[in-house]
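Asker: okay, structure incoming, though there's no sequence with it:
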């Protein structure tokens, strides 16, 4: 990502910072190691080689600054002297309490999470990003962005302590398991992939409705099993209850029904029993 950030823009993103006096190191230079680290993190986890532009760039830039500032705060008033670490003199200003600093860091990270969730949703409309390894990772399940992390956190408050990205990864691992079972047993990998990758354009008639049903089923399974300490295969009875309403709904859209039947109808179709063996048990 080509970052054009400078000290002026930095202060626009993080207001209420006292300006430097003449000869003092600018805030941008103080934060530069953390800014570089945050940029590399955003590229590695979300952007890849995709270069954001316009509104996407503004959001990505803000994420980098918020994450960098939150990570740097504990070190900003610490300096290393020949005699060891020391706290910089506050020139008569009362230092903030530990609790207020913790709340500031938490608020910065929460705002960065909100921006990250918005950025990820917007990236799905970018064809170049969708083809990248990062885009393919998000498009690989029916949890394509961070929006569902908030839902899971509401259902399980103890998960609020886990970072949004780490919680998303845990959710995605569970989603992959249930989606594989739905593919193998009832819906078929080709059908599932066609519906999954239709997001967010939904060019096929009915694909939005079926996508939403599969997404709801996957999210319900994830929310039930997110706190499991052991990895187990999904129970087939539970998988059937998730798949049944989706199969029933397919009849509304002939194109989707044909797509599904081409792959799965013969596998799950139950042929009528015909007894053609003569004997005392023949009927």
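Answerer: Done, it's in. What you see is a predicted model, and the numbers here were worked out from it, not measured in a lab.
Asker: buried set for the top helix by length along the chain?
Answerer: In the chain, with assignment by DSSP state H, the single longest helix is helix 98-123. Buried residues in helix 98-123, counted by 16 or more other C-beta atoms under 10 Å: 105, 108-109, 112-120, 122-123. All C-beta spots, glycine's among them, are computed from the backbone N, C-alpha and C.
Asker: so for it, mean pLDDT?
Answerer: In this model, helix 98-123 has a mean pLDDT of 91.
Asker: that helix packs against which elements?
Answerer: Packing partners of helix 98-123 (3 or more C-beta pairs under 8 Å, 6 or more residues apart in numbering; DSSP states H and E): helix 54-76, helix 133-139, helix 147-155, helix 164-182.
Asker: next, the angle helix 54-76 makes with it.
Answerer: 160 degrees (axes from the mean of the first three to the mean of the last three C-alpha atoms, to 10 degrees).
Asker: return the distance of the helix or strand immediately after helix 98-123 in the chain from the chain's centre.
Answerer: Later in the chain than helix 98-123, the nearest helix or strand by DSSP states H and E is helix 127-130. Per C-alpha atoms, centre = their mean, to the nearest Å, the displacement of helix 127-130 from the mean C-alpha position of its chain is 16 Å.
Asker: also stretch 53-73?
Answerer: Its chain's C-alpha centre and that of stretch 53-73 lie 17 Å apart, by C-alpha atoms, centre = their mean.
Asker: low-confidence stretches in the stretch 151-283 of the chain?
Answerer: Residue ranges of the stretch 151-283 of the chain with pLDDT under 70: 231, 268-273, 275, 277-283.
Asker: how about the helices in it?
Answerer: 164-182, 189-196, 207-225, 236-249, 254-260, 266-268 (DSSP state H, counting those that start in this stretch).
Asker: how much does the second one deviate in direction from helix 236-249?
Answerer: Calculated by the same axes, to 10 degrees, helix 189-196 forms an angle of 70 degrees with helix 236-249.
Asker: determine the angle, from 0 to 180 degrees, between helix 189-196 and helix 164-182.
Answerer: Using the same axes, to 10 degrees: helix 189-196 against helix 164-182 is 140 degrees.
Asker: elements contacting helix 189-196?
Answerer: Helices and strands touching helix 189-196, as assessed by 3+ C-beta pairs under 8 Å, 6+ apart, comprise helix 207-225, helix 254-260.
Asker: in JSON lines, list the ones you listed along with distance to residue 148 and mean neighbour count.
Answerer: Shown next, in JSON lines, are the helices and strands packed on helix 189-196 (distance: least, C-beta to C-beta, whole Å; neighbours: other C-beta atoms under 10 Å):
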{"stretch": "helix 207-225", "distance to residue 148": "6", "mean neighbour count": "19"}
{"stretch": "helix 254-260", "distance to residue 148": "24", "mean neighbour count": "16"}
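Asker: perfect, I'm done here.
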